[in-house]
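Participant: Fold the following.
(one chain, ligands or ions: 2)
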Amino acid sequence: MRILKLFDVARNVSNCVIRRNFVRNFEPFINMWRILILSNCFLLILAGDGGTRMARFSPIDPSSFSRPDLAVVTNIKLSLKVHFDQKIFSGNCDLTVKKLHENVNEVVLDVKDLDIESIYETETNTKCKYTLSQPVGEFGSELAIEIPPKEVNNYIFTINYKTRPHASGLQWLEPEQTAGKKHPYVFSQFQAIHARSFLPCQDTPYVKTKYEALINAPTDLSVVMSAIRDATKPMIGYNLHHFKQDVPIQSYLIAIAIGALESRKIGPRSTVWAEKEFIEMAANEFANTEKQLKTAEDICGPYVWGIYDLLVLPPSFPFGGMENPCLTFVTPTLLAGDRSLANVVAHEIAHSWTGNLVTNANFEHFWLNEGFTVFIERKILGRLESPQVQDFDAYGGTVELKEAINELGDSNPLTCLVVNLTGVHPDDAFSTVPYEKGQTFLRYLETIVEGPAVFEPFLRKYFDTYKYRSLTTDEFKAFFIEYFSSTPEIKNIEWNKWLHTPGMPPVIPDYDKTLLKTIDEMKQRWLNWDEKSGPVPFSGDEITSIQKIQLLQDIFESEPQPIKKLEVLEEKFKFTEVQNAEIKFRWLRIGIKAKWEKIVDPALNWVNEVGRMKYCRPLYRDFYNWEEMRAKAIQNFQDNRKNMMHVSAYTIAHDLRLKE
Ligand SMILES: CC/C=C\C/C=C\C[C@@H](O)/C=C/C=C/C=C\[C@@H](O)CCCC(=O)O
Ligand SMILES: [Zn+2]
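Facilitator: Ligands and ions are numbered 1, 2, ... in the order given. Predicted structure coming up:
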């Protein structure tokens, strides 16, 4: 038995290793993983029998151990108390489970850093045996619960458990880390596979369930979740908050935040939530939410989630936005003051169809979520602004895509639209590629079939057919080919090149360049100018915020700029202090590229304050490449990593080539 196990381990490890050898930029990480996997398996074999077992990845999802093909979770009910003093949640989780075959005798779940106390089958009141595998690196463990004999195939398992203070999907903030400085705060970010650090679940987007939650929290704090609020009952010394999500969702869409929050109604179905220090700004910045929602409905069909609220998180939130249903989470870096970054809200609204309603079956098909979402986001922009703005934004996306592919290497398999995640953690595979290469592909398909008048009805049919379901790229392809079976042009689509070939897309659509012309011309003026030949050759008033962003991007991509010129520009525009994060980010990168020492402290202070990875990761990578500043940047990271969410600290540690 032990020899067999050893064989299995060796095969799994070598498969991983062969695949991972392709992943050029992850070499140090691969070696670390090899050691982790080997040492974990060794521990397993030593542990032998009883309470431990060998973890096996799911045949359905390489990022999960769960087996929804054998017994599937069909409903989740959480009953949890928050303990800010210990930085944990404790309580129980009721999982309704349907056994899919007669001879199945266990339900298999994902867990990560959970302390499981006991498990019962509720209807028969049977205490259940379970086995828990040793953790497999960042993937967590497999929890297999024995299914007791019963006449019918439906069960409710009550799992009593606690989370741990370092749960990878939660961030706990001390009062002094919040804007108000008086109350603690906790928030979640579960995509891709961190829900398992909050509750035992089938942590794969292949499984969709309704959920319900009862949260016991201090009376002076608000609780918000990705669900509809049912009631808040004042109890003695605490409040009990009840939430219900009646649309079936994947585990990564469960979300929670608890803190001193205020709310403002910003539309008939929208309320914005934030700490009181940000609430007015937030209400103003997101005032166009209803317009964006209505436009999305015109494109995609009815909005099924009832409400669309927004929560502005503290600055350490690692992403621009997260499409948690009924309650989008957003970073405060969107608060530019002029609504110019509200396209992120259009993106999260678009997820109400693409990703949340129609979902990738696993993260190898992440482009089905994100490529479609960017495509719809830009259609919303096109209708609310103009087709020129839509294409200007798409052009900017192509520039970002080029930078990402340069960074990863153009033969890196992670630059394919469909990726192989065997042995690769989704957080390590994340990049702009599924977003921008995915949207480029859809724009190309739209052009092939003669444009939006034909493609948009197809999109609605696709959403209607796959709503409440999860699918793979092959299923999408088959659906597209069937729908357009009488369109001869689709024979020219090189599916393999688009889906399975690394590097830039085979075709870049012919985007409208109207808004680019001014930028190109201003860039030339800037390059030809020097500080001795008079004042800066533009006032800044001639272009919009999104054009300024592109202008700075173009300057960043040029040769390193003379520091003297940058000093004059900073004097005139004060870019280092500007509120628009996209402008500030590009300015800081221009300064680092020029090895401008004066920019170092403002840049490091900013990454300490703002945890959004879109900004922190490139800035840290830029510092890493500036040899004289490398040690200072690493020291800055080490000093501040305790204030970062797990996913940011983990990925930046890899970017800085630090051993975990
Ligand atoms: C091919 C990639 C495979 C898997 C990656 C899936 C998830 C990775 C994980 O790290 C979570 C990502 C969550 C993203 C949430 C929001 C983004 O859309 C934000 C984009 C960046 C930003 O604007 O800050
Ligand atoms: Zn998205």
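Participant: Show me which residues of the stretch 351-500 of the chain are close to ligand 2?
Facilitator: Taking C-beta under 5 Å from the ion, the part of the stretch 351-500 of the chain that reaches ligand 2 is made up of Glu370, Thr373. Using the backbone N, CA and C atoms, a C-beta is placed for each residue, glycine as well.
Participant: please redo it, this time with the cut-off set to 8 Å
Facilitator: Contact residues, the stretch 351-500 of the chain versus ligand 2 (C-beta under 8 Å from the ion): His351, Gly355, Asn369, Glu370, Thr373, Val374, Tyr435.
Participant: Could you point out which residue ranges in the protein have low pLDDT?
Facilitator: 1-51, 659-660 (pLDDT under 70).
Participant: Excluding chain neighbours, what is closest to the residue of it found nearest ligand 1?
Facilitator: Ligand 1 sits closest to Gly320 of the chain, with a gap of 2.6 Å, by C-beta to the nearest ligand atom. Nearest residue to Gly320 in three dimensions, chain neighbours excluded: Val344, at 4.7 Å (C-beta to C-beta, 6 or more residues apart in numbering).
Participant: That neighbour against Pro332, yeah?
Facilitator: No. Contact status for Val344 versus Pro332: not in contact, 11.7 Å apart, counting by C-beta atoms under 8 Å.
Participant: more neighbours, the two?
Facilitator: Shown here are Val344 and Pro332; by other C-beta atoms under 10 Å, Pro332 has more neighbours (23 against 18).
Participant: got a list of what that one touches?
Facilitator: Neighbouring residues of Pro332 by C-beta atoms under 8 Å, 6 or more residues apart in numbering: Ala274, Phe278, Val312, Leu313, Pro314, Pro315, Phe317.
Participant: do Arg339 as well
Facilitator: Asn284, Glu285, Phe286, Ala287, Asn288.
Participant: let's see 10 Å
Facilitator: Arg339 makes contacts with Asn284, Glu285, Phe286, Ala287, Asn288, Val345, Ser545, as judged by C-beta atoms under 10 Å, 6 or more residues apart in numbering.
Participant: How about Glu482?
Facilitator: Per C-beta under 10 Å, 6+ apart, neighbours of Glu482: none.
Participant: Sticking with the closest residue to ligand 2 within the stretch 501-650 of the chain, tell me its helix or strand.
Facilitator: Residue nearest to ligand 2 within the stretch 501-650 of the chain (C-beta to the ion): Lys614, separated by 11.8 Å. Assigning secondary structure by DSSP states H and E places Lys614 in helix 613-625.
Participant: List the buried residues in that helix.
Facilitator: Neighbour counts over helix 613-625 (16 or more other C-beta atoms under 10 Å) mark Met613, Lys614, Tyr615, Cys616, Arg617, Pro618, Leu619, Tyr620, Arg621, Asp622, Phe623, Tyr624 as buried.
Participant: Could you do stretch 239-247 as well?
Facilitator: The neighbour-count check on stretch 239-247 (16+ other C-beta under 10 Å) flags Asn239, Leu240, His241, His242, Phe243, Gln245, Val247 as buried.
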